[in-house]
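**Q** when you get a sec, could you give me coordinates for this:
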Amino acid sequence: MKLLPTLPLVTSLALVSGCSSSPSTPTPSSTGGSSSGDLSGTGGGSSAGTTAPGPATGMRDLTGLALAADMAPGVNLWNTLDAYGWWVSGLDTQTAWGQPLTTEPMVASLAQKGFRTLRIPVTWYPHLGPAPDYAIDEAWMARVEEVANYALSNGMYAIVNLHHEEYHAPPTDPNEKDNHEGSWLLPTYAAQAAGTEQLSKMWTQIATRFRDYDGHLIFETMNEPRVVGCATEWTGGDAEQREVVNAFNLAAVNAIRATGGNNSLRFIMVPQVGANGDSLSDLVLPNSDPRLLVSVHNYSPYFFTIAGVDDPNATPNWGTDAEKAALEAEIKAYSERFVAQGQAVIVGEWGATDRGAPAQRAGYYQFFASTCAKYDVTPIAWIYSFNRDTLAFDAPELEDAMLSAFPR
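**A** As a prediction, the model looks like this:
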């Protein structure tokens, strides 16, 4: 859960949960992640959408737990490919929320620091054609591929997802701009059929484009699927929403697998309602597929991590024994429910905004990351201190805390 910008001029805040002139084309041996390697002689690229699917080639035979361990720790490329707004269109959406265009040196800096995974949130609906095809704009697809290659060519894992697709009702005031025109993903029975069709067609296109990439490219079916504005939006939804999210996950996984090639063995992250831990008890892993990763987000405790600056309950203080015990219990629960059964868990978003208490904040990062390491859970931070304008880490104690929990 993150705060979203609502105005055309937005400062570069990390709380909200780059384009070159010629997208790069990966060479066959240039994509990959850790030194253990994935493929010999396959890389993928723009031609993937025009070639017939073949068998998986050289994908590593490893468990989800082994993959997740190799992915830790990671960070998100926030407020960039996920950005949108009524005042921008096309490739210009990338800078709509205050971040500069993503460049290869930015991603290289993260890799050189020691991060293993880059989660790349992507909002697709502003770049789609109409029903029934929902064709993804070629320039947008190429840009997403280019940014993914920045991570892969620097030895990182890259996660590509469907991010801010959740449906928002149009404004009731006729003078108010509709900032979510085209949003569509709604986990209700009434919207299930239409949502399943669009989800399947979008994932077929994305998966086909990346079909020949090796196993360091990971898909995530959805970000935080939920009914916006309902009473249980951020507490795990209700039975109907959970059932439909399970159906959406099944449709997405089936669409990805149907494209063949390396997608037949690609690891895929799947969430429940809101990517909330409270809904995980009802998560159904599609087809009991062994190459799935559970996706969950954790911004506990909310008033310390991401509450707005105007929230009277917001606090810069954290670190009592009781607060540590509560946070550890949440992470331990992921491990007991899934990891102990051989099922990997990725905390795809977490972190705490700067409230002017650096020691408390660094302590939180150290505790969160080390507790994830203790319970074999992989953390991918949303909020961290990398400055994309200067390529420097403004509060390096945060990154050091994360990296020290996963020594290499």
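
**Q** please enumerate residues in contact with stretch 109-119?
**A** With contact meaning CB atoms under 8 Å, 6 or more residues apart in numbering, stretch 109-119 is reached by 33-34, 70-77, 107, 150-151, 154-159, 161, 220, 348, 378, 380, 386, 391, 393, 399, 402-403, 406, 408. C-beta: built from backbone N, CA, C; applies to glycine.

**Q** among those, name the ones in strands.
**A** Among the contacts of stretch 109-119, the ones falling in strands (DSSP state E) are 74-76, 157-159, 161, 220, 348, 378, 380, 386, 393.

**Q** now, which of these sits nearest Arg211?
**A** Set against Arg211, the nearest of the ones in strands among the contacts of stretch 109-119 by CB to CB is Ala158 (14.7 Å).

**Q** what is the burial count for the closest residue to that closest one other than its chain neighbours?
**A** Take Ala158 and drop its neighbours on the chain: the residue closest to it by CB to CB, 6 or more residues apart in numbering is Ala151, 4.0 Å away. Neighbour count for Ala151, taken as other CB atoms under 10 Å: 30.

**Q** which ones are touching Ala151?
**A** Ala151 touches 107, 111, 117-118, 120, 157-158, counting by CB under 8 Å, 6+ apart.

**Q** switch to 6 Å and redo it
**A** Shown in contact with Ala151 (CB atoms under 6 Å, 6 or more residues apart in numbering): 107, 118, 158.

**Q** per-residue pLDDT, it?
**A** Ala151 carries a pLDDT value of 98.

**Q** likewise Thr57?
**A** 74.

**Q** any idea how far Asn149 is from it?
**A** 18 Å (CB to CB, to the nearest Å).

**Q** before we move on, the earlier item: neighbour count, pLDDT and distance to Val88 for the contacts of Ala151 - can I get that in TSV?
**A** Shown next, in TSV, are those (neighbours: other CB atoms under 10 Å; pLDDT from 0 to 100; distance: CB to CB, whole Å):
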residue	neighbour count	pLDDT	distance to Val88
Val107	26	98	23
Leu118	26	99	23
Ala158	29	98	24
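
**Q** using CSV, please lay out these together with distance to Leu62.
**A** CSV is the format used below for the contacts of Ala151 (distance: CB to CB, whole Å):
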residue, distance to Leu62
Val107, 24
Leu118, 20
Ala158, 17
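
**Q** Ile306: which of the residues you listed is nearest?
**A** For the contacts of Ala151, the nearest to Ile306 is Leu118 (20.9 Å; CB to CB).

**Q** and the closest one, that one's in a strand?
**A** Yes. Leu118: assigned to a strand according to DSSP: H, G, I helix; E, B strand; the rest coil.

**Q** ok, and the closest non-adjacent residue to it?
**A** Ala151 (4.1 Å).

**Q** do you know how far the nearest residue to Asn79 once chain neighbours are set aside is from Met141?
**A** Leaving aside its chain neighbours, Asn79 sits nearest to Trp97 (4.2 Å; criterion: CB to CB, 6+ apart). Going from Trp97 to Met141 by CB to CB gives 21 Å.

**Q** equivalent analysis for Leu91, please.
**A** Applying CB to CB to Leu91 and Met141 gives a distance of 11 Å.

**Q** just Val228 next, same as before
**A** Taken as CB to CB, the span from Val228 to Met141 is 26 Å.

**Q** so for those two, which sits in the more crowded spot?
**A** Met141 (21 against 14).

**Q** number of residues surrounding Val302?
**A** Let me fix one detail, which is that residue 302 is Tyr and not Val. 13.

**Q** state the pLDDT value of it.
**A** 98.

**Q** equivalent analysis for Pro53, please.
**A** pLDDT, Pro53: 59.

**Q** now the strands for the stretch 151-300 of the chain?
**A** 157-161, 217-220, 268-270, 292-297 (DSSP state E, counting those that start in this stretch).

**Q** tabulate those (CSV), appending distance to Val244.
**A** Putting these into CSV (distance: least, CB to CB, whole Å) gives the following:
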stretch, distance to Val244
strand 157-161, 18
strand 217-220, 18
strand 268-270, 14
strand 292-297, 17
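
**Q** of the ones you listed, flag the one that's most buried.
**A** Mean neighbours per residue, mean count of other CB atoms under 10 Å, is largest over those for strand 157-161, with a mean of 27.

**Q** got the contact list for that one?
**A** Looking at what lies outside strand 157-161 - CB under 6 Å, 6+ apart - the contacts are 33, 71, 117-120, 148, 151-152, 216-220, 223.

**Q** how about a cut-off of 7 Å?
**A** The contact list for strand 157-161 (CB atoms under 7 Å, 6 or more residues apart in numbering) reads 33, 71, 116-122, 144, 148, 151-152, 206, 216-220, 223, 269.

**Q** now do the same end-to-end measure for stretch 207-222.
**A** With CA to CA, to the nearest Å applied, stretch 207-222 spans 14 Å between its terminal residues.

**Q** related to what we said a few turns ago, which single one of the contacts of Ala151 is nearest to Tyr364?
**A** Leu118 (22.2 Å).

**Q** assess the claim that Ala135 and His127 are in contact.
**A** No. Taking contacts as CB atoms under 7 Å, Ala135 lies outside contact range of His127: 9.6 Å.

**Q** in terms of neighbours, single out the busier of those two.
**A** Neighbour count, other CB under 10 Å: between Ala135 and His127, His127 has more, with 23 against 14.

**Q** give me the element the residue lying closest to the more buried one once chain neighbours are set aside is part of.
**A** Nearest non-adjacent residue to His127, counting by CB to CB, 6+ apart: Trp140, 3.9 Å away. Trp140 is located in helix 138-153, with elements delineated by DSSP states H and E.

**Q** okay, buried residues for that helix please.
**A** 140-153 (16 or more other CB atoms under 10 Å).

**Q** separate out the buried members of the contacts of stretch 109-119.
**A** So, by 16+ other CB under 10 Å, the buried ones in these are 33-34, 70-77, 107, 150-151, 154, 156-159, 161, 220, 348, 378, 380, 386, 393, 399, 402-403, 406.

**Q** buried residues, stretch 277-296. List them.
**A** Buried, per 16+ other CB under 10 Å, within stretch 277-296: 277-280, 282-283, 285-286, 291-296.

**Q** determine which two of the residues you listed are furthest apart.
**A** Asp278 and Arg291 (25.7 Å).

**Q** start and end of stretch 333-352, how far apart?
**A** Note: stretch 333-352 ends 21 Å apart using CA to CA.
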